[in-house]
Every structure is written in structure tokens, then in C-alpha cells.
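Trainee: Provide a 3D model corresponding to the input given below.
(2 chains)
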Amino acid sequence: MAKNQIRIVDTDIHERVQYADILKYLDEPFKHYIQNCHWIQEKHMPYTQPAVAGVDRADAVLPDGRPAGSDLAFMQKQLLDDIGHEFGILTSALDPSPSSMHGWYEMATALASAYNDWQIEEWLDKDDRLYGSVHIAAQDRDAAVKEIERVGSHPKMVQVLLPIDDIMWGDPFYHPIFEAAEKHNLMIGMHHNEPPVYYGKWPRYFIEWHTLIPTAHMKQVTNMIFNGVFDKFPNLGLMMIEGGFTWVPHLMWKMDQQYRDLRHEVPWLKRKPSDIFKEQIRVTTQPAEELTKQEFMSLIEQMGTDEILCFSTDYPHWDYDSPTRALPNMDAELKQKIFAENAKAFYPKLPNS
Amino acid sequence: MKEQVVCKTTELEPGEMKAANLGKQNVLVCRTLDGKFYAFLNQCNHQGAPLDKGMICGATTDKSKPGDYHYCRKGEIIRCPWHGREFDIKDEGRMLANPSKKLPSYKVRVEDEDVIVYK
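Mentor: All right, here's what the predicted structure looks like:
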């Protein structure tokens, strides 16, 4: 694949805030809690990410020691300019992740607003290629809706970000969030934070947890579909970020088969689940398993459409996928769809010329 | 035969690695703890990451039984900066998890203080 043949749309780029950088966007007393009381978001993972530089690509850590993803100029040089991105969608790092905080809704709400302001000012306003995700503290639903109302109309905000963690977002309690998103032409982006993939707990090894992340994505998709979110909000779309894609045919078949038997429990579903998936759910490619071209094409055939997959790098994290090396070779038309057109067709606010 | 002095022996301490150019190719020169030099193509055979940005380190051995950890081979393993794949410097650059895959390697000789890499 020639490197610059297609100007790619990268659906998962992790910019990273440092607590010191976000202070000026925070009101008191929340600023005080971080600055003077040294508050940081709680962490659960009992292991290190056993790659070379923790969660990051070792060559993406800044020369001055700041964490990967924390500097726009460095990201431009290493990623956007080097690869020749047309657009990149920011999905933030693991921390802070306001809607997966446990307790202290007020801090989560303040942090979400500060994060959005920081993201707009330091990233979206400074690079035409970058588009953003609205952070919310969804556990305080009404505050979350207010935040969507506050920043959702920003021309470069394309989705509302919800973490895949320990809340199932299809619950009707959260539907006002989807209503607000739909109103502003925002899609929902779901990215795992620290999902309990193991019967609500952590497995013994990171490799088990990391292997099973797609199961957490499958749970959310199943939950959103059967709770009728996509029937209630026909213009809403869901982007499942960083769960890979080889699970998609299995879940489509399983949901369809269940629907044929058990439809009477969810009479609000007017379409079979795989059709809902095809119309309203998209999936980013990373982390791509190493597939042959034949295996890859077979999966697309099993999905019944080549419009679900949207390429993503996951820059600057260690399990980054190279646009030239992660997926097998494919014909030009399909490549154009996966690397650019599918994402442009999905996000109403992404220019689609 | 194309060959090139890539560095002085004093520029690379045992347990270190660095990138160098051999014509158009970017080469990773490694020095193991016994003082010996090795050279490989400076590109991971998975997705092409620059290996010199990773680390030279040891590894947990595959001789372990479940629950055992033995960290050994210090200074003999290259780990990729991206996905952390491990390559055995002293075993022709073979990947630990799949020894049928290896990094393309170069020959190295030392003359006086010059480290010379060649095909």
C-alpha cells in the first residue's frame, strides 16, 4: 500500500491531559482539590500494561519526558503529518474519564466541562484536521445533558464519549443523553476504560483482560440494541472504539437468532438486530488481529456490508495499528471506505466532500 | 560487499542499542552484556516500528511452569516500542513467541575500535 494514497480518517486518537494543564479550566473548589489536595482519579487495574512504556508507544513519549499524546506539535509531526491524515477524532486517554468515576459526581461534572474546554482550546481550535468528543459525567444524567447542550453545538465536536466500564448505557435512565446527542447531530462513541470483563472482576493477568475487552463491547451493543435505543433515536449512531471487529459477525448471528425466538420480550425492535447494527453501529478496526486477506474478506462478507469498519490507529498507545501494516491488502474501493468514507458517512459533522 | 563503520566500541556500552545507517537501510546495532555486537534491520517485522525506540532487556523464560517467574537473558532481548514483541539477539533475532519469525540480521566485526556492519 502506498503510504499517502488515501488521506485517512483516524477514528481513535488519544490526546492526553495532565492535571496541571486542566487546572485553568476548572472552577473552585475542584481546582483546589487537585492542586492542593492532590486528587487524581481512582485506578483499578492491578497490573502494569506489560509493553515497553506502559500504555504508550515508547517512541511517542515526548523527548522532555511528558506523557505520549500530551503535545499537539509532537502529535502533528509523528502522526498527522507523517501519515497524512485528513481527519482524526480525539477520544482522550484513560484518565481523566469523568463518566467512569465512582462517586463524587460533582467533581466528575466539573472535570468533564474543564476537559471539553481544554480539548476545544488546545486541540480542536489549533488543528483543522482534529475533531473531538464531548466528555460528560453521565452518572449525573441531568448535568450530562446540560454539558451536551453547552458544547455539543461546537462545529468540531462529533460525538459524545461514554466509557465501557460498569454502566450499561442502554438503560432508559440514560436516554435523555441520547436525545441530547441526537439533537446536536452527535453520535455516541464508546471506548473501554477499565471494563470488568471477568464476571465483574479483574482476571489474574493483563493478557486475559486485554484479550476479553471485545466481550465488554459486545455487552454494550447487545444492551443498546435490545433496550431499543436505536428504535427510539433513529438518527443516533454508535461507534464502538478499540474493541477490534472480528466479533461482529458472531454477535449479529447470535442476536438475530435470539430475536427470531424471543422477539416478544422486546416488541419495540422493528428491525432484526443485524439490520440495526448495519444501519446505526460502526466499529473501529484497531486492535486488528493479524488476518490474511482471505480471512479479512470473509469477515466482511459475514457482516453483510463493508460499511461497518472504520480505520483507527489508537495513537499513541502501545497497541497502535499502522495504517500501512495492520490490515491486509484490499482493493482500492474497499480501502477507501474503511480508511475514510465509512467514518465520513457515519459522523454527520465530519466534512464529507 | 557493502560495509560500514557504524560506531566506535566506546559509543555503545554493554546492554545498549542504537540506530545507524548502512547505505539506505536503517540498522539496529546491539551490544550484549558480554560485550559482543549484533546488528539487525531496525524495523519490527510486525508493523514496522523503529526498534531502537524500544528497549534492550531480559525476558521471562518459556521454561517457566504456571505461576513461576524467572527473569533472565538480561541484555539479550530487544523489545519493540509498540506492541512489545520480543526478539532474541543471540538467536538470530528470533521472536520469542514465534521463533519461526526473525528480524533480518547483518554481520558485525570489530576492527580496533570500529564496529563494522556488513551483509
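Trainee: starting at the chain centroid, how far to stretch A:261-276?
Mentor: 26 Å (CA atoms, centre = their mean, to the nearest Å).
Trainee: Write out the residues of chain B neighbouring chain A.
Mentor: Taking CB under 8 Å from any CB of the partner chain as the measure of proximity, chain B contacts chain A at B:46-50, B:53-55, B:79-84. Every C-beta, even on glycine, is put in place using the N, C-alpha and C of the backbone.
Trainee: can you rerun that using 7 Å?
Mentor: Proximity of chain B to chain A is confined to B:47-48, B:50, B:53-55, B:79, B:81-84 under the rule CB under 7 Å from any CB of the partner chain.
Trainee: Please work out how many residues are found near B:Asp52.
Mentor: 21 (other CB atoms under 10 Å in any protein chain shown).
Trainee: Please check the residues of chain B next to chain A and keep the buried ones.
Mentor: B:47, B:50, B:53-55, B:79, B:81-84 (16 or more other CB atoms under 10 Å in any protein chain shown).
Trainee: Would you confirm that A:Asp27 contacts A:Ala110?
Mentor: Yes. Using CB atoms under 7 Å, A:Asp27 is in contact with A:Ala110, at 6.4 Å.
Trainee: what ranges do the strands span in the stretch 1-150 of chain A?
Mentor: A:9-13, A:87-90, A:130-135 (DSSP state E, counting those that start in this stretch).
Trainee: Adding mean neighbour count and mean pLDDT, write these out as CSV.
Mentor: Below are these laid out as CSV (neighbours: other CB atoms under 10 Å in any protein chain shown; pLDDT from 0 to 100):
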stretch, mean neighbour count, mean pLDDT
strand A:9-13, 28, 98
strand A:87-90, 26, 98
strand A:130-135, 26, 97
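Trainee: Could you say which one of these comes nearest to chain B?
Mentor: Smallest distance to chain B across the strands of the stretch 1-150 of chain A (CB to the nearest CB): 15.1 Å, for strand A:9-13.
Trainee: got the contact list for the worst-scoring helix or strand of chain B on mean pLDDT?
Mentor: Every helix and strand in chain B was compared by mean pLDDT, DSSP states H and E; the lowest is strand B:3-8, with a mean of 94. The contact list for strand B:3-8 (CB atoms under 7 Å, 6 or more residues apart in numbering or on different chains) reads B:18, B:20, B:22, B:27, B:29, B:113-118.
Trainee: and which of the residues you listed is nearest chain A?
Mentor: B:Lys18 (14.0 Å).
Trainee: sorry, back to before: now render the buried ones among the residues of chain B next to chain A as CSV, adding distance to A:Lys183.
Mentor: Putting these into CSV (distance: CB to CB, whole Å) gives the following:
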residue, distance to A:Lys183
B:Gln47, 40
B:Pro50, 46
B:Lys53, 45
B:Gly54, 47
B:Met55, 49
B:Arg79, 48
B:Pro81, 43
B:Trp82, 40
B:His83, 41
B:Gly84, 43
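Trainee: can you put those residues in TSV and add distance to A:His175, secondary structure and pLDDT?
Mentor: Below are these laid out as TSV (distance: CB to CB, whole Å; DSSP: H, G, I helix; E, B strand; the rest coil; pLDDT from 0 to 100):
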residue	distance to A:His175	secondary structure	pLDDT
B:Gln47	40	coil	97
B:Pro50	47	coil	97
B:Lys53	46	helix	97
B:Gly54	46	coil	97
B:Met55	48	strand	97
B:Arg79	46	strand	97
B:Pro81	43	coil	97
B:Trp82	39	coil	97
B:His83	39	coil	96
B:Gly84	41	coil	96
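Trainee: Max pairwise distance over those: which two?
Mentor: Greatest spatial distance in those: B:Gln47 and B:Met55, 17.3 Å, computed using CB to CB.
Trainee: Please export the C-alpha coordinates of stretch B:27-42 as CSV.
Mentor: This file holds the C-alpha atoms of stretch B:27-42, laid out as CSV (Å, rounded to 0.1, in the frame of the first residue of the first chain):
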residue,chain,number,x,y,z
VAL,B,27,20.2,-0.8,11.2
LEU,B,28,19.9,-1.6,14.9
VAL,B,29,23.3,-2.2,16.5
CYS,B,30,23.1,-4.0,19.8
ARG,B,31,25.7,-4.8,22.4
THR,B,32,25.0,-7.7,24.8
LEU,B,33,26.4,-7.8,28.3
ASP,B,34,29.3,-10.0,27.3
GLY,B,35,30.5,-7.1,25.1
LYS,B,36,29.6,-8.7,21.8
PHE,B,37,28.0,-6.7,19.0
TYR,B,38,25.0,-7.7,16.8
ALA,B,39,23.0,-5.9,14.1
PHE,B,40,19.5,-6.2,12.7
LEU,B,41,17.2,-4.3,10.5
ASN,B,42,15.8,-1.5,12.7
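Trainee: what's in contact with that stretch?
Mentor: Residues from elsewhere that reach stretch B:27-42 (CB under 7 Å, 6+ apart): B:6-7, B:12-21, B:25-26, B:50-52, B:56, B:74-76, B:78, B:89-90, B:93, B:103-106, B:108, B:110, B:115, B:117.
Trainee: What's the PyMOL line that selects buried ones from these?
Mentor: Of those, the buried ones go into a single PyMOL selection, burial set by 16+ other CB under 10 Å:
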select buried, chain B and resi 6+7+12+17+18+20+25+50+51+52+56+75+76+78+89+93+103+105+106+108+115+117
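Trainee: Neighbours of the closest residue to B:Lys107 other than its chain neighbours, how many?
Mentor: Of all residues not flanking B:Lys107 in the chain, B:Tyr118 sits nearest, at 5.3 Å (CB to CB, 6 or more residues apart in numbering or on different chains). By the criterion of other CB under 10 Å, B:Tyr118 has 13 neighbours.
Trainee: before we move on, the earlier item: is it possible to export the contacts of strand B:3-8 to TSV including secondary structure, pLDDT and distance to A:Pro328?
Mentor: Output for the contacts of strand B:3-8, formatted as TSV (DSSP: H, G, I helix; E, B strand; the rest coil; pLDDT from 0 to 100; distance: CB to CB, whole Å):
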residue	secondary structure	pLDDT	distance to A:Pro328
B:Lys18	strand	97	33
B:Ala20	strand	96	32
B:Leu22	strand	93	30
B:Val27	strand	97	28
B:Val29	strand	98	32
B:Glu113	coil	95	46
B:Asp114	strand	97	43
B:Val115	strand	97	38
B:Ile116	strand	97	39
B:Val117	strand	97	33
B:Tyr118	strand	95	34
